[in-house]
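Participant: Provided below for reference: sequence and predicted model.
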Amino acid sequence: MALEWVVLGYAAGAEAIMLLLLTLPGLDGLRRGMISVVRSALKPMMSVVPFCLFLLMDIYWKYETRPTCDDEHACTPSEHLRHQKSIMKSQRNALLIAAALLLYWILFSVTQIVVRLEQMQQRVDKLKKRDD
């Protein structure tokens, strides 16, 4: 299962890098190329959403089937420690899922806004040329 989390981490990292390159000021020349790269990458990266849902269901299944250590003497110290580590990993993985989904949504929204701004700028330039 560790490979799935690595893949999701890399996807979230790629989303964050693309988002940074789109929103940093002063990169107008790079931004035009990044817009086309990001727009072509958004459709394949949509697979992050069902992948995250699958991993979220996996976390839920592990949560429902985990052994419980309700009583003080029901588990050995090593079992209790393993239980605590499992809970921490599940919380970390849930945060990674939330980050990946949020970054995808933000990247999609920012890309749409940047594309609209480019189109509006082209219209303004066209109207200025026509008035001159």
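Facilitator: Sure, I can see it.
Participant: check which helix or strand covers Gly26.
Facilitator: Secondary structure assignment for Gly26, by DSSP states H and E: no helix or strand.
Participant: any idea how far His83 is from it?
Facilitator: Per C-beta to C-beta, to the nearest Å, Gly26 is found 50 Å from His83. Yep, even glycine has a C-beta here, placed from its N, CA and C like the rest.
Participant: neighbour count winner among these two?
Facilitator: In this view Gly26 and His83 are compared by other C-beta atoms under 10 Å, and His83 has more residues nearby, 15 against 7.
Participant: The more buried one is in contact with Arg66, isn't it?
Facilitator: Yes. Applying C-beta atoms under 8 Å as the test, His83 and Arg66 come out as touching, 6.9 Å apart.
Participant: and stretch 97-104, which residues are buried?
Facilitator: By neighbour count on 16 or more other C-beta atoms under 10 Å, the buried set for stretch 97-104 is Ile97, Ala99, Ala100, Leu101, Leu103, Tyr104.
Participant: Can you dump the C-alpha atoms of it in CSV for me?
Facilitator: Coordinates of each C-alpha in stretch 97-104 appear next as CSV, following Å, rounded to 0.1, in the frame of the first residue of the first chain:
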residue,chain,number,x,y,z
ILE,A,97,-5.9,12.9,0.3
ALA,A,98,-7.4,16.2,1.3
ALA,A,99,-4.4,18.2,0.1
ALA,A,100,-4.4,16.3,-3.2
LEU,A,101,-8.1,17.0,-3.8
LEU,A,102,-7.8,20.6,-2.7
LEU,A,103,-4.8,21.3,-4.9
TYR,A,104,-6.5,19.7,-7.9
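Participant: just for the chain, where's the confidence low?
Facilitator: 1, 69-70, 72-73 (pLDDT under 70).
Participant: for it, which residue is closest to the average position?
Facilitator: Taking C-alpha atoms, centre = their mean, the centroid of the chain lies closest to Ala100, which sits 1.9 Å from it.
Participant: centre of the chain versus the helix or strand hosting that one, how much separation?
Facilitator: Taking DSSP H and E as the definition, Ala100 sits inside helix 77-131. With C-alpha atoms, centre = their mean, to the nearest Å as the basis, helix 77-131 stands 5 Å off its chain's centre.
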